[in-house]
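Enquirer: Predicted model follows, preceded by the sequence.
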Amino acid sequence: MPLNIPNTLTWARIALIPFFVGIYYVPDHVMLAEDKNLIATLTFVTAAVTDWFDGYLARSLGQTSAFGAFLDPVADKLMVAAALIVLVHLGRVDSLIALVIIGREITISALREWMAKVGAAGSVAVAFVGKLKTAAQMSAIPLLLIQSPVLGMDSVVLGTVLIYVAAVLTLWSMGYYMRCAWPELMKRSR
């Protein structure tokens, strides 16, 4: 496991998860709900920015590695899953929406791993619809966490619309990746 700046940032994202979740376990008489929301939102946004930054550094410093390529998406999926579970617990996201998004992440991760093992990883490379899904969910989650007006807009309404958009794009992208992998799946199932 190469220990370099990008991998260290990825490990830091993973280390933020218990802190992020733990904020909501602080008793209300110790920390106001608004403060918990703000700290959780800032933590999530920091993780999201760090995700972009570690990829940029890996490429620009020539520090890409197989381990980093494995760990980076794992860190992303863990943070998003933790955030969705917290939001379900707080009653801000419907459990079906969280199940769709988390279930898709697990399914596509497993599909990509299998496709890589059979030498067909290129057929399930990240597509534009997957990037749209990520943009929608990474915008929705902070809006649902903050629970305060953002630029004069109701963050709850905007976040709810975006999380539903993310769920639709989640299903669409899963269908796209499954369709791309289908010929290989059929060939290997015989």
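Expert: Perfect, I can see it now.
Enquirer: What residue spans form the domains of this structure?
Expert: Recorded structural domains for the chain (assignment: automatic domain parsing) are 1-91, 93-190.
Enquirer: average pLDDT across the last one?
Expert: It refers to domain 93-190. Computed over domain 93-190, the mean pLDDT rounds to 89.
Enquirer: quick revisit: okay, the domains of the chain in JSON lines with mean neighbour count next?
Expert: Where you see a C-beta, it was placed from the backbone N, CA and C, and this is true even at glycine. Listed next are these as JSON lines, based on neighbours: other C-beta atoms under 10 Å:
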{"stretch": "domain 1-91", "mean neighbour count": "16"}
{"stretch": "domain 93-190", "mean neighbour count": "16"}
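Enquirer: nearest spatial neighbour of the most centrally placed residue in the chain, skipping sequence neighbours?
Expert: Geometric centre of the chain, nearest residue: Val80, 3.7 Å, by C-alpha atoms, centre = their mean. Leaving aside its sequence neighbours, Val80 sits nearest to Gln137 (C-beta to C-beta, 6 or more residues apart in numbering; 6.5 Å).
Enquirer: surely the one you found meets Tyr164?
Expert: No - with contacts defined as C-beta atoms under 8 Å, Gln137 does not count as touching Tyr164, sitting 10.6 Å away.
Enquirer: Which of the three states applies to Ser148?
Expert: Applying DSSP: H, G, I helix; E, B strand; the rest coil to Ser148 yields a three-state assignment of coil.
Enquirer: Helices of this structure, residue ranges please.
Expert: Secondary structure of the chain, counting by DSSP state H: helices at 5-22, 33-60, 66-89, 95-117, 128-146, 155-188.
Enquirer: In CSV, list the C-alpha atoms belonging to the fifth one.
Expert: Listed in CSV are the C-alpha atoms of helix 128-146, where the atom choice follows Å, rounded to 0.1, in the frame of the first residue of the first chain:
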residue,chain,number,x,y,z
PHE,A,128,-21.9,10.5,-18.0
VAL,A,129,-25.2,9.4,-16.4
GLY,A,130,-23.2,8.1,-13.5
LYS,A,131,-21.5,11.5,-13.1
LEU,A,132,-24.9,13.2,-13.2
LYS,A,133,-26.1,10.8,-10.5
THR,A,134,-23.1,11.6,-8.4
ALA,A,135,-23.6,15.4,-8.8
ALA,A,136,-27.2,15.2,-7.9
GLN,A,137,-26.6,13.1,-4.7
MET,A,138,-23.6,15.1,-3.7
SER,A,139,-25.6,18.3,-4.0
ALA,A,140,-28.7,16.9,-2.3
ILE,A,141,-27.0,15.4,0.8
PRO,A,142,-25.5,18.7,2.2
LEU,A,143,-28.8,20.5,1.5
LEU,A,144,-30.7,17.8,3.5
LEU,A,145,-28.1,17.9,6.3
ILE,A,146,-28.0,21.7,6.8
